[in-house]
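Undergrad: have a look; sequence and predicted model below, questions after that.
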Amino acid sequence: MRTASVIVDLPTRQTNQPFTYLIPDDLLDFNLLGHRVRVPFGKRNLMGYVVAVGQSERSDFQLKKIESIIDEKPVLNSEMLKLSEWLSNYVFSYRVQVIQTILPNAFKPKYLKGLKIVDQVPEKIKENIFLNNQEIEFLPKNYTSEQIKVINSLIRQGKIVQTTTIQKKNKGKKVKVLSNNLNDNDIATNLNKKSLSDSQKKLLIFLSGHRDGFFQVKELAEILDISKSTILTAEKKSWLKKSEVRMTRNPVKKIAVTKTNAVELNSDQKKVFNSVESAITKNENKTFLLEGITGSGKTEVYLQLIEKTIAQGKTALLLVPEIALTPQMIRLVKSRFLDSVALLHSGLSDGERLDQWEEIRDGKIKIVIGTRSAVFSPLTNIGLIIMDEEHETNYKQEGNPRYHARDIALWRAKYHQAVTLLGSATPSLESRARAQKGIFKLLTMNHRAVSGAKLPDVSIVDMREVWQKEHADNDFSPTLLKKIEERKENHEQTILLLNRRGFSSFVMCRNCGYVPRCPNCNLSLTLHMDSHSLKCHYCGYEEAIPKKCPVCGSPQIRYVGTGTEKIETKLNSLVNGIRVARLDQDTTKRKGSLEKILRDFGKGNYDVLLGTQMVAKGLDFPDVTLVGVINADIGLNLPDFRSGEKTFQLLTQVAGRSGRAGKTGEVIIQTFNPDNYAIKLAADQNYEGFYKTEMSIRHIADYSPYYYTIQVGIDGPDQFPASRAIDEVAEFIKPKLAKETIVLGPTPKAIAKLRNRYYFQIILKYKKDPNIESTLSELQTVFGEKLPKDIYLSIDRDPVSFI
DNA sequence: AGCACGCCGACT
DNA sequence: GTCGGCGTGCTC
Ligand SMILES: [Zn+2]
Ligand SMILES: [Zn+2]
């Protein structure tokens, strides 16, 4: 018997395995591998993915037949089938969930429930419920309980049946287009007619110049500045021919650019280019780590390597942490490769994403640039995968499946015998350590690309002294303030970083010390003057600012700590006429607002760009000659072994925004911990020094990269059952793991309560433990089975954050 | 996820 | 006796 193994579209523990189906006669000659199919499953029809085809002689029970295929072409090629199998095991996720992540959202089907009459039913029912149809769509919430009762009894009697239909969605809009239907003679004769209106004349002249184009009515009306009715009349007269095309939505086309060409590389860049290029040419599965200081011209190297790859008939993938923050890079890529590049990011609609996906699969597009999920784009024959800013934690998905784009990139590069290029000014310790061991090849660029441009001069300002000499609570040291004023006078620009949004970090009663907290998370609420409210930054809870203390009634409420809002207000009052743009989550909620702020700042409409970590990433503004860090200590004391690394990266990256175009840049770092190693080494722009120091700290504490880490979590609506469950998890796994594996906990998570759920964790640290994967997958299947429904188990391999 | 099966309390 | 509550388990 010819059979197919099908993963059904049901992300549950019990259905996380292939089910075997018979292949119907009409599909026997068809290769079903990777196809979406409709299959009967229990009482209903589900969608599924064929992950294998073969022979089976099972006689223990009657196999069911595949009902039909959904698409003409398979949606998963053999690479993606293998990848999904590996990844689901690697990150402990259901296979369907991984497949859904690999595929564009538009492939998620909609199940429509319906009712169908199969026998005699009372006339009244036929009229009232079926509205005299044989089959209707059925949504229980649209019917009264009486009606549901009647329906249920008729189903029991076998007179009507429930049906499910699987609906495909988003196959792209069909649009009406018009094209020229006249030959030269026709046009000439029509143009000679006396009765011709100006609009008609315009249209005819246009048609004579665009013999082969297809245009939408609206488009034509706009181009020629004539009314729609003129065009419709012309259609009636058969001047124009009507047809329908499927619109492929291509968001890159909307970015208008002029073509640019490769720029001559400097000697640093040339060296890097040559090493990587030779590996691409030789089809070596090699990974390079490019450690290039900020402004060293990594992008130009990327572009020329992509060009080379394409010239060899292969495809290329460029991953960036966040599209919105790298508009310059996108523009550059687009200007170099024009329409042959696909842009994939979270801002696309399902339909846009599907269109791009199909063009990539069909080989029409050979260059893909995109964020995390673009790593799954269905390119074939990949020659080069570039991951820019490889240290960014954005590349790790929070929530299932918890994958890291770097892991996928390396897997795919191996599959394709391709080259991976990881680039950063501040590589993750993990990658840098691998380069040390020779697993990755280390390449460096230590000079800024623009001739004459140097790394900025960095100085640390000890805020303890400032508070002693001036008055405490000063957010601006006199040094920083003076320099901001100077920049304003000289028509240069300043970037200010403060990694905390809102007005103040929390509010406190001066009399009794009461601090308002979130009822869902028990975390202190942040004051927001924009919205005149207190907000929880973790769940979004919001309440009014108290006029007096709810505990003791005192009207003396103190605002503690400083956020971006307060800095904006202060700066406006301290420097006369200064124009400040604020860039944080609160000012960029609206679609397009981020781009607008950056554009306006680039045009010189502002003196200062003030914001959270967003201002540290990738921005490239030539007039910025001063970067100020208001408070470098935020994040330094978080309960996370990577807090030093994160601080170093943030400071180094933001410092790199200064003096990129030849004008000397300056950086002022304000801190209460001027002796902290991460802050000092960031001030020295000394990545290698930081790497060595941090590695010794990690070594002593047995942390990554010396050990692998896995976080096992439990969360539930009540504290006690959840804490008991995590204890049981520990009991379950401990005896199965290798003796050398270190088990930390169980402990409550750093944020112990979030959105009314209680969180607990166990951290596993291991170098080599052959039992780890089997133990954890057993934990999911065996232990997970008896876990109460409202308690969730999570497994996070190589977590990037412990907060 | 649905849906059936099954075992208890409440009602025509 | 029957209806319906939702706890448990299965779906190729
Ligand atoms: Zn009080
Ligand atoms: Zn909250």
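TA: Okay, I see it. Numbers count the residues shown, from 1 in each chain, chains lettered A, B, ... in the order given. Ligands and ions are numbered 1, 2, ... in the order given.

Undergrad: which stretches in the stretch 551-700 of chain A count as strands?
TA: In chain order, the stretch 551-700 of chain A shows strands spanning A:557-560, A:580-583, A:608-611, A:624-629, A:666-671, with DSSP state E, counting those that start in this stretch as the criterion.

Undergrad: buried stuff in stretch A:37-54?
TA: A:37-39, A:41, A:45-53 (16 or more other Cβ atoms under 10 Å). Using the backbone N, CA and C atoms, a C-beta is placed for each residue, glycine as well.

Undergrad: relative to the whole chain's centre, how far out is that stretch?
TA: From the chain centre to the centre of stretch A:37-54 is a distance of 30 Å (Cα atoms, centre = their mean, to the nearest Å).

Undergrad: can it be said to contact DNA strand C?
TA: Yes. In terms of Cβ under 7 Å from any atom of the strand, part of stretch A:37-54 sits within range of DNA strand C, namely A:40-42.

Undergrad: and what of stretch A:772-790?
TA: No. Residues of stretch A:772-790 are not located near DNA strand C by Cβ under 7 Å from any atom of the strand, the shortest gap being 8.0 Å.

Undergrad: end-to-end on that stretch?
TA: 26 Å (Cα to Cα, to the nearest Å).

Undergrad: over to stretch A:511-528?
TA: The first and final residues of stretch A:511-528 sit 22 Å from each other (Cα to Cα).

Undergrad: what about it, near ligand 1?
TA: Yes. Remark: stretch A:511-528 sits within contact range of ligand 1 at A:511-512, A:514, by Cβ under 5 Å from the ion.

Undergrad: re earlier: same list (the strands of the stretch 551-700 of chain A) but as JSON lines, adding distance to DNA strand C and mean neighbour count.
TA: Shown next, in JSON lines, are those (distance: least, Cβ to the nearest atom of the strand, whole Å; neighbours: other Cβ atoms under 10 Å):
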{"stretch": "strand A:557-560", "distance to DNA strand C": "46", "mean neighbour count": "15"}
{"stretch": "strand A:580-583", "distance to DNA strand C": "48", "mean neighbour count": "22"}
{"stretch": "strand A:608-611", "distance to DNA strand C": "48", "mean neighbour count": "26"}
{"stretch": "strand A:624-629", "distance to DNA strand C": "54", "mean neighbour count": "27"}
{"stretch": "strand A:666-671", "distance to DNA strand C": "56", "mean neighbour count": "24"}
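
Undergrad: any idea how far DNA strand C is from A:F61?
TA: Using Cβ to the nearest atom of the strand, to the nearest Å, one obtains 7 Å as the distance from A:F61 to DNA strand C.

Undergrad: quick one: contacts for A:T564?
TA: When contacts are counted by Cβ atoms under 8 Å, 6 or more residues apart in numbering, A:T564 is found next to A:498, A:500-502, A:582, A:584, A:610-612.

Undergrad: tell me the pLDDT of it.
TA: Predicted confidence (pLDDT) for A:T564: 96.

Undergrad: are any of the residues of stretch A:511-528 next to ligand 1 buried, and which?
TA: A:511, A:514.

Undergrad: for DNA strand C, give me its nearest residue in the stretch 351-500 of chain A.
TA: DNA strand C sits closest to A:N400 of the stretch 351-500 of chain A, with a gap of 18.5 Å, by Cβ to the nearest atom of the strand.

Undergrad: what's the closest non-adjacent residue to that residue?
TA: With Cβ to Cβ, 6 or more residues apart in numbering as the measure, A:S93 is the residue that lies nearest to A:N400, at 5.1 Å, once sequence neighbours are left out.

Undergrad: run a quick neighbour tally on the one you found.
TA: By the measure other Cβ atoms under 10 Å, the count of residues near A:S93 is 21.

Undergrad: give the contact list for it.
TA: In this structure, A:S93 makes contact with A:87, A:400-402, judged by Cβ under 8 Å, 6+ apart.

Undergrad: before we move on, what about A:K414?
TA: If you count contacts by Cβ under 8 Å, 6+ apart, A:K414 has them with A:N285.

Undergrad: which secondary structure state is assigned to it?
TA: Three-state secondary structure (criterion: DSSP: H, G, I helix; E, B strand; the rest coil) places A:K414 in helix.

Undergrad: so the residue in the stretch 301-450 of chain A that DNA strand B sits nearest to: helix, strand or coil?
TA: With distances taken as Cβ to the nearest atom of the strand, the stretch 301-450 of chain A approaches DNA strand B most closely at A:N400, which sits 12.6 Å away. For A:N400, the assignment made with three-state DSSP gives coil.

Undergrad: which residues of chain A lie near DNA strand B?
TA: By Cβ under 7 Å from any atom of the strand, the part of chain A that sits against DNA strand B consists of A:10-12, A:14-15, A:42-44, A:111, A:113, A:162, A:164.

Undergrad: which among these end up buried?
TA: Among the residues of chain A next to DNA strand B, those that count as buried by neighbour count (16+ other Cβ under 10 Å) are A:11, A:15, A:164.

Undergrad: so which of the contacts of A:S93 is the most crowded?
TA: The most crowded member of those is A:L87, carrying 23 neighbours; neighbours defined as other Cβ under 10 Å.

Undergrad: then it would be within a strand, right?
TA: No. Secondary structure assignment (three-state DSSP) places A:L87 in helix, not in a strand.

Undergrad: tell me how far the nearest residue to it once chain neighbours are set aside lies from A:M80.
TA: Leaving aside its sequence neighbours, A:L87 sits nearest to A:V98 (Cβ to Cβ, 6+ apart; 5.0 Å). In this structure, A:V98 and A:M80 are 10 Å apart, going by Cβ to Cβ, to the nearest Å.

Undergrad: these two: which is more packed in?
TA: A:V98 (26 against 21).

Undergrad: what comes up buried for the helix or strand that that one is a member of?
TA: Mapping A:V98 onto the secondary structure by DSSP states H and E places it in helix A:95-102. For helix A:95-102, a neighbour-count test (16+ other Cβ under 10 Å) marks A:95-102 as buried.

Undergrad: and if you look at stretch A:20-34?
TA: A:21-23, A:27, A:32-34.

Undergrad: same thing with stretch A:536-556?
TA: Taking 16+ other Cβ under 10 Å as the neighbour-count basis, stretch A:536-556 is seen to contain the buried residues A:536-537, A:539, A:541, A:545, A:549.

Undergrad: and it, does that touch ligand 1?
TA: Yes. Using Cβ under 5 Å from the ion, a contact is recorded between stretch A:536-556 and ligand 1, made by A:549, A:551-552, A:554.
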